[in-house]
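>>> Make a model of this:
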Amino acid sequence: MNAAGVARPFEILVVDDDSNLAGTLQEFLQEEGYTVQVAHSAAEALAIQARGARLAIALVDLIMPGTDGLALLEELHRRDPDLVILVMTGYGTIESAVDAIKRGAEDYFTKPFDFETARKKIARLMEVLELRERVAKLEASLECYPSFESIVYVSCSMQRVVDKARAAALTDAPVFLTGETGTGKEMLARAIHAASPRARRAFVPVNCGALPRDLVESELFGFRRGAFTGAYADAPGVFVSAHGGTVFLDEIGEMPKEAQVKLLRVLQEGEVRPVGARQAVQVDVRLISASNRCLAELRGTVLRPDLYYRVATVVIEVPPLRTRQEDVLVLTQHCAARLSRRYNREILLARSALETLLVYPFPGNVRELEGVLESVTAVSQNDPQTITGKDLKPLLQGGSPPAPPAGLTEQPVSMERIEDFAIQQALRLCQGNRTKAAAMLGISRDTLYRKLRRAADPESNGSV
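Purely as a prediction, here's the structure:
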């Protein structure tokens with residue numbers, strides 16, 4: 001048993017004023033494959049913890065001069081509640097060990113030391129700690145790589161986008177995402193990766209517009225040591241790092257033409273040649289690209305025609321938020337719910353706020369909506385906080401919501417009609433499951449029932 005496979009190994013802290021026993025324990029644990037630090041006093045132990053050691057387990061002697069083991073246990077736990085502490089005690093002080101467990105110790109050892117018992121207990125604890133870390137990494141990866149279920153929408157236009165993306169995810173065909181800035185192209189790309197056979201491998205996003213022009217090739221394709229000034233060691237590059245997984249090239253239209261030639265070879269031959277290398281390296285990656293430019297511009301002048309037809313096997317256009325008012329409604333509710341969790345207070349939206357947002361064209365799309373709502377939330381301490389139209393207008397471009405673009409709607413649509421449509425769409429997407437539909441809409445189930453009653457009987461007093 002050891003900490004192999006963890007980027008930075010767990011460490012065990014041994015605290016005992018008996019230097020011989022501490023040394024023996026250190027040697028025993030190191031032979032088991034653990035990284036061990038030793039302290040001969042409470043002060044030394046706290047200093048090791050303060051230096052940022054990645055302590056997982058502490059073996060603490062209960063009887064020490066100065067600060068005893070019980071006091072040290074409490075201080076170690078106060079600084080790091082996740083630290084597992086095992087106390088060491090003689091046969092005559094078992095009561096003290098029981099007291100230590102009541103104060104937070106995981107278990108105890110008796111002296112003289114039974115190394116076989118210690119080996120089993122520590123191995124069991126390390127397995128639990130490593131499992132806990134794997135679960136934490138999995139949860140983090142789920143946040144980083146959202147599934148299609150995490151994309152919030154009820155509109156028919158987004159349903160078509162998600163259906164097409166789901167189908168594309170099952171293949172290895174290159175996908176090209178188009179759409180205005182802030183529409184969620186990267187989130188969609190991550191969902192495609194998460195639903196693909198490559199989901200367990202790396203997803204490597206690259207913003208081509210943020211790469212310095214003279215470093216594009218070395219960043220994408222890697223380089224060998226000495227290839228240029230400052231190349232002190234080999235670097236694999238994006239495509240080798242993503243081997244077996246997915247590369248997401250955001251704003252691919254900003255890529256220089258000379259780099260486009262090398263990218264074309266990667267797609268055609270499945271190999272890259274790092275800068276300064278004599279031989280090519282085989283790579284197996286799935287490519288997803290994105291741009292906020294129109295397809296005609298990309299195909300005509302921005303991308304090489306041969307590259308365009310390689311990267312645009314499956315084209316998915318993400319519609320702007322201003323064309324799907326029902327999604328504005330559900331996204332706003334979801335943002336409010338997320339902000340409530342983040343700021344640990346209730347965030348509500350007045351009708352005037354919803355009406356203000358429904359007629360605003362959102363040039364920054366979903367990203368702008370999220371930013372505006374958080375801006376209002378961050379400067380308030382009210383609990384509950386009710387966001388109004390008056391709160392929002394100063395943050396919208398131009399200070400107030402302009403009229404919807406020509407051709408978007410022939411006549412103003414009431415919020416009730418938009419809300420009713422959103423509810424019906426949510427129920428359809430959730431196959432009639434009202435609990436799931438309420439979650440999708442960002443409202444409680446009771447609120448959903450009330451709105452359904454209002455839709456069925458417009459003369460009722462159901463609250464909107």
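>>> hey, where'd the helices end up in the stretch 251-400 of the chain?
Secondary structure of the stretch 251-400 of the chain, counting by DSSP state H, counting those that start in this stretch: helices at 257-269, 295-297, 305-311, 325-343, 351-358, 365-378, 389-392.
>>> so which of those helices comes closest to residue 75?
Nearest to residue 75 among those is helix 325-343 (31.1 Å), distances taken as CB to CB. From N, CA and C alone the C-beta is placed, and that goes for glycine too.
>>> dump the residue contacts of the residue lying closest to residue 444 once chain neighbours are set aside.
Spatial nearest neighbour of residue 444, chain neighbours left out: residue 438 (6.2 Å); criterion: CB to CB, 6 or more residues apart in numbering. Contact analysis of residue 438 by CB atoms under 8 Å, 6 or more residues apart in numbering lists 426, 444-445, 447-448.
>>> Pick the one among those residues closest to residue 390.
Each of these was checked against residue 390 using CB to CB; the closest is residue 447, at 23.8 Å.
>>> If we ignore the residues flanking it in sequence, what's nearest that closest one?
Spatial nearest neighbour of residue 447, chain neighbours left out: residue 438 (7.1 Å); criterion: CB to CB, 6+ apart.
>>> Quick check: that neighbour is in a strand.
No. Secondary structure assignment places residue 438 outside any strand; it is helix (DSSP: H, G, I helix; E, B strand; the rest coil).
>>> which of the contacts of residue 438 count as buried?
For the contacts of residue 438, a burial check counting by 16 or more other CB atoms under 10 Å picks out 426, 448.
>>> With just CA atoms, put stretch 309-327 into PDB.
Presented in PDB, the C-alpha positions along stretch 309-327 are these (Å, rounded to 0.1, in the frame of the first residue of the first chain):
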ATOM      1  CA  TYR A 309     -14.100  21.200 -44.800                       C
ATOM      2  CA  ARG A 310     -12.000  19.100 -42.400                       C
ATOM      3  CA  VAL A 311     -13.100  20.800 -39.200                       C
ATOM      4  CA  ALA A 312     -16.800  21.500 -40.200                       C
ATOM      5  CA  THR A 313     -18.000  17.900 -40.800                       C
ATOM      6  CA  VAL A 314     -20.800  18.500 -38.300                       C
ATOM      7  CA  VAL A 315     -21.900  22.200 -38.000                       C
ATOM      8  CA  ILE A 316     -24.000  23.300 -35.000                       C
ATOM      9  CA  GLU A 317     -25.300  26.800 -34.700                       C
ATOM     10  CA  VAL A 318     -26.100  28.000 -31.200                       C
ATOM     11  CA  PRO A 319     -28.900  30.600 -31.400                       C
ATOM     12  CA  PRO A 320     -28.500  33.900 -29.600                       C
ATOM     13  CA  LEU A 321     -30.400  34.400 -26.400                       C
ATOM     14  CA  ARG A 322     -32.600  37.200 -27.800                       C
ATOM     15  CA  THR A 323     -34.300  34.800 -30.100                       C
ATOM     16  CA  ARG A 324     -35.500  32.500 -27.300                       C
ATOM     17  CA  GLN A 325     -37.300  34.500 -24.700                       C
ATOM     18  CA  GLU A 326     -38.600  31.400 -22.900                       C
ATOM     19  CA  ASP A 327     -35.000  30.400 -22.200                       C
END
